[in-house]
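next come a sequence and a model predicted from it.
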Amino acid sequence: MSLQQQVMEKMKAAMKAKDKVALESLRAIKSALLLAQTESGAYGELSEQAEIQLVQKLVKQRKDSAAIFIDQGRQDLADPELAQVAVIEQFLPEQMAEDEIEKIVVETIAAVGADGMKDMGKVMGIVSKKLAGQADGKTISTIVKSKLA
């Protein structure tokens, strides 16, 4: 079942349950999907990879917003954003644990022959492609920095 069909099914359930947070989150996904489909001129389906990237983008936006709200002392605004993150993350593949990511980073560093921060771009590019949709870019970056430093 495509992402759009999954979102529509969950929307129906959220409407019946009168779950406003879930409904708002699902509408955001649906809106982003429709926008991406019309933007690319492909009125058909998006590739699975494009759908995952789109959902990751939505999660990142909400996490960033929540972080800003928390920094500003506005927990009342951060809570709904974090609740939306929980709903939207249901549509992402299972995220890898940090130790698994670290293992892949170490293997990649050895394969590339990276020996310092100057090679971070090479390592990040390869690892990001390997772990697309399974790990957050920020987490990957932190682990690569710690291994190359």
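Yes, it's here. This is a predicted model, so every value here is computed, not measured.

ok, residue 130 touching residue 104?
Yes. In terms of Cβ atoms under 8 Å, residue 130 counts as a neighbour of residue 104; the distance is 6.1 Å. C-beta here means a position set from N, CA and C on the backbone, and glycine is covered the same way.

compare those two and say which is more crowded by neighbours.
Looking at residue 130 and residue 104 with other Cβ atoms under 10 Å, you find the greater number of neighbours at residue 104, namely 18 against 15.

the more buried one contacts residue 134, doesn't it?
No. The pair residue 104 / residue 134 is not scored as a contact, 9.7 Å apart, by Cβ under 8 Å.

buried ones in the longest helix anywhere in the chain?
The single longest helix within the chain, with elements called by DSSP state H, is helix 48-71. Of all the residues in helix 48-71, those buried under the rule 16 or more other Cβ atoms under 10 Å are 50-52, 54-56, 58-59, 61-63, 65-66, 69.

contact partners for the residue positioned nearest the centre of the chain?
Ranked by distance to the mean C-alpha position of the chain (Cα atoms, centre = their mean), the top residue is residue 56 at 2.2 Å. Residues near residue 56 by Cβ atoms under 8 Å, 6 or more residues apart in numbering: 92, 133, 136.

quick one: it from residue 114, how far?
According to Cβ to Cβ, to the nearest Å, residue 56 stands 25 Å off from residue 114.

please enumerate the helices of this protein.
Taking DSSP H, the helices of the chain run over residues 3-17, 20-39, 48-71, 75-88, 98-112, 120-130, 137-148.

columns mean pLDDT on top of these, output as JSON lines?
Below are those laid out as JSON lines (pLDDT from 0 to 100):
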{"stretch": "helix 3-17", "mean pLDDT": "93"}
{"stretch": "helix 20-39", "mean pLDDT": "91"}
{"stretch": "helix 48-71", "mean pLDDT": "92"}
{"stretch": "helix 75-88", "mean pLDDT": "95"}
{"stretch": "helix 98-112", "mean pLDDT": "88"}
{"stretch": "helix 120-130", "mean pLDDT": "87"}
{"stretch": "helix 137-148", "mean pLDDT": "87"}
